[in-house]
Every structure is written in C-alpha cells, then in structure tokens.
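Enquirer: Have a look at this prediction, sequence included:
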Amino acid sequence: MATTTLPPCAARSFKPSLPTRLLAALAASSLPLLFIVLWSSGYVAGKLALSHTGPLTLLALRFGLAALVLIAVAIATGAPWPHRARAWGHLAVVGLLMQVLHFSCIYFALRWGLAAGVAGLLIGLMPLATAVGAHLWLAERLGARQALGLLGGLAGVALVVAEKPLGGAGPAYVAAGVGLLGLVAGTLYQKRHCAHMDLRSGAGVQMAVSAVAVAAVAGPVEGFAVDWQPELVGAWLWLGLVNSIGAFSLMFLMIRRGQAGQVARLFFLIPGVSALMGFVLLGERLASLALVGFALSAVAVCLASGKR
C-alpha cells in the first residue's frame, strides 16, 4: 500500500511564524507575574472593603459573584460536570478549605489590624508549608534545601513579628496562620482528588459551596450589614471577578501546564508586592527590621522552590 509523505517545505509550512511563537512565549512568561500581581492585590482590596462590611458578609458577596459568573461560563461553553457524588464531594471539600477557611481567617486577621503586607508574607510561605504537608500527607520527599528554606521563612516571619510585638494582635497572627493551613490543605487535597477537574465547572462548584457556607454564618453573626459605598463596590467587583476567578484560574492553568515550580518560585514576590500596595493605597509602613524579615522570607522561599 502506497504511503504519502509531505515534502520538507510543506512540513515547514505547518510551523507557526516567528512573531506568533514570540507572542506565545511572551504570554506564557507573563502569566506567573500577572498571577502574583492579582493575588497580592486581594489583601489590599479586602482591607478596603472590610471598612464597609463584615468579613463573612464580604466573602458571601465575593464567592456568590464568582460562582454566578463561573457557572454561567461553564453552562455557556458546555463544560463537563462531575459524574459521581464523590467527585462533587471532593470539590466541596476543596472549596471549604481553600476558599472558606483560608479567606475567612485572612479577612478576620485584616479586620483585627494585620497589615496587608504581613498577611501576604504569611501566605507567601505557602510553597514551604505545602512541601512539608506533601511530605507528611502524600509521602513526598522533603529535601534539605526545602527544610532550610522553611527555617529561613519562619525566621523572617519572626523578625516581622518582633518589629511589631504580638500584644493585642496575637489573634490576628493566629488567624492568618490558620488561613495558611487552610490554603495548604486545600491545595494538597485538590492535588490528590481533583487534579483532573474542569476549571470552569470545578471552580464554579467550589465557589457556590463556599458562598452558601459563609452566607449561612454571615446572616446570624453579621446580619448581612453592608455600607454600599463606591469603595466597597469596586473592591467587591475586583475580589469577585479579578481575584477569585482570575488569580485562581491562572494558578490552576500554570500548574496544569507544568509550571508549578515556577509558581512556587514566584510566590516569594507576594509579600513585597502586597507591602508595596499596602504602602501606596493604605499608608501602611514597615520598619527596617520588618523589611529584613520580608527579604529573608523571600530568599528562603525562592531558594527552597528552586530546582534541586
């Protein structure tokens, strides 16, 4: 049976042009930086919004808006939905951990006086904490560099706390730490049980479950009290559309593309970017000792997330 082969010139014609390849490379390389900016902005936007409503009410608004948009997109684009009850349950657990527990604790910490930059610093330790969690839960190897990075990151946090002693801010630091644990637990759980979820329908389910969960508590506790000022509306739209959908979608997209290591290495920028945004938009200032702590934590996360 005769076979037909394409001549070399025809085969070369299927290759994208140089400008197309350059644009694709630029888009791929810009995703991690865009993710860091979007993620870091959430702490500042959250603090701006919390002057007009309670933490749980804000989260109900944020998750509700994100859920409506994501579910509408999933339906309009024909996204696949989970076929088994267990898969729905796994998505719900991820939402409760990564969204509800994580952001509830962070917002209460911000409400209790924690600076946006310090919140970013604690959450910026996520790659180190995730490595430890993967070692304990998923039996993944914890390298010497990661162990040293964890110690360096904790030392950086200690310097920031030492610059501003706990005092009455103790609950804020504890809440932010629990928020970090929620994010790490949700990340590991998703890695183990929801690795192949569709981004549109899966995120929509997570946001819907999160919205219902926080709304069930926000009503009795906060009475859904909202001061509808332009600042709140802008922060709410940013949190619900840009932060909840944009930042998390970029993170999942990069992980699926095999860029998880790059995401982890760039996580060290979150504290600095959050602190800069807090300084410009909120007037938050950090003393020299705290800046040293930020730098130490950034170096620790960067080195620990590098290739071994």
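Expert: Received it, and whenever you're ready, just let me know what you need. Numbers count the residues shown, from 1 in each chain.

Enquirer: Any stretches of this protein with poor pLDDT?
Expert: 1-30, 138-140, 142, 146, 150, 161-168, 255-268, 301, 303-308 (pLDDT under 70).

Enquirer: can we see that at 90?
Expert: Applying pLDDT under 90 to the chain flags the ranges 1-40, 43, 83, 113-174, 183-184, 186-200, 243-308.

Enquirer: where do the strands sit along it?
Expert: With DSSP state E, there are no strands along the chain.

Enquirer: shouldn't Ala109 be in contact with Leu180?
Expert: No - Ala109 is beyond contact range of Leu180, at 10.3 Å (criterion: C-beta atoms under 8 Å). Where C-beta positions appear, they are placed from N, C-alpha and C, glycine not excepted.

Enquirer: Between those two, which has more neighbouring residues?
Expert: Comparing Ala109 with Leu180 by other C-beta atoms under 10 Å, the one with more neighbours is Ala109, at 27 against 22.

Enquirer: check contacts around the more buried one.
Expert: Counting by C-beta atoms under 8 Å, 6 or more residues apart in numbering, Ala109 touches Ala119, Pro171, Ala172, Tyr173, Ala175, Ala176, Gly179.

Enquirer: what about stretch 233-251, how long is it end to end?
Expert: Taking C-alpha to C-alpha, to the nearest Å, stretch 233-251 runs 25 Å from one end to the other.

Enquirer: mind checking how far that stretch is from the chain centre?
Expert: 10 Å (C-alpha atoms, centre = their mean, to the nearest Å).

Enquirer: Give me the contact list for that stretch.
Expert: Counting contacts by C-beta under 8 Å, 6+ apart, the residues touching stretch 233-251 from outside are 31, 34-35, 38-39, 41-42, 45-46, 48-49, 58, 61-66, 69-70, 199, 203, 207, 263.

Enquirer: List only those of those flagged as buried.
Expert: Neighbour-count burial (16 or more other C-beta atoms under 10 Å) is assigned, among the contacts of stretch 233-251, to 31, 35, 38-39, 41-42, 45-46, 48-49, 58, 61-66, 69-70, 199, 203, 207, 263.

Enquirer: Now for the spatially closest residue to Ser51 that is not a sequence neighbour, how many residues are close by?
Expert: Counting by C-beta to C-beta, 6 or more residues apart in numbering, Glu231 is the residue found nearest to Ser51 once chain neighbours are left out, at 7.6 Å. Neighbourhood size, Glu231 [other C-beta under 10 Å]: 14.

Enquirer: Where neighbours are concerned, which of the contacts of Ala109 has the most?
Expert: Ala119 leads the contacts of Ala109 on contacts (other C-beta under 10 Å) with 32 neighbours.

Enquirer: Please name the nearest non-neighbouring residue to that residue.
Expert: Ala119 sits nearest to Tyr43 (C-beta to C-beta, 6+ apart), 4.9 Å away.

Enquirer: What about the one you found, how many residues nearby?
Expert: Counted with other C-beta under 10 Å, Tyr43 comes out at 31.

Enquirer: how close does it get to Leu239?
Expert: Applying C-beta to C-beta, to the nearest Å, the value for Tyr43 to Leu239 is 10 Å.

Enquirer: Quick one: residues contacting the nearest residue to Ala185 once chain neighbours are set aside.
Expert: In this structure, Ala185 finds its nearest non-sequential neighbour in Leu97, 4.8 Å apart by C-beta to C-beta, 6+ apart. Taking C-beta under 8 Å, 6+ apart, we find Leu97 in contact with Gly182, Leu183, Ala185, Gly186, Tyr189.

Enquirer: Output those residues in CSV; the columns should cover distance to Ile75 and neighbour count.
Expert: Output for these, formatted as CSV (distance: C-beta to C-beta, whole Å; neighbours: other C-beta atoms under 10 Å):
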residue, distance to Ile75, neighbour count
Gly182, 29, 21
Leu183, 28, 23
Ala185, 30, 21
Gly186, 25, 22
Tyr189, 26, 18
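
Enquirer: Generate TSV for those, with distance to Ser297 as supplementary columns.
Expert: Putting the contacts of Leu97 into TSV (distance: C-beta to C-beta, whole Å) gives the following:
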residue	distance to Ser297
Gly182	20
Leu183	16
Ala185	21
Gly186	22
Tyr189	25
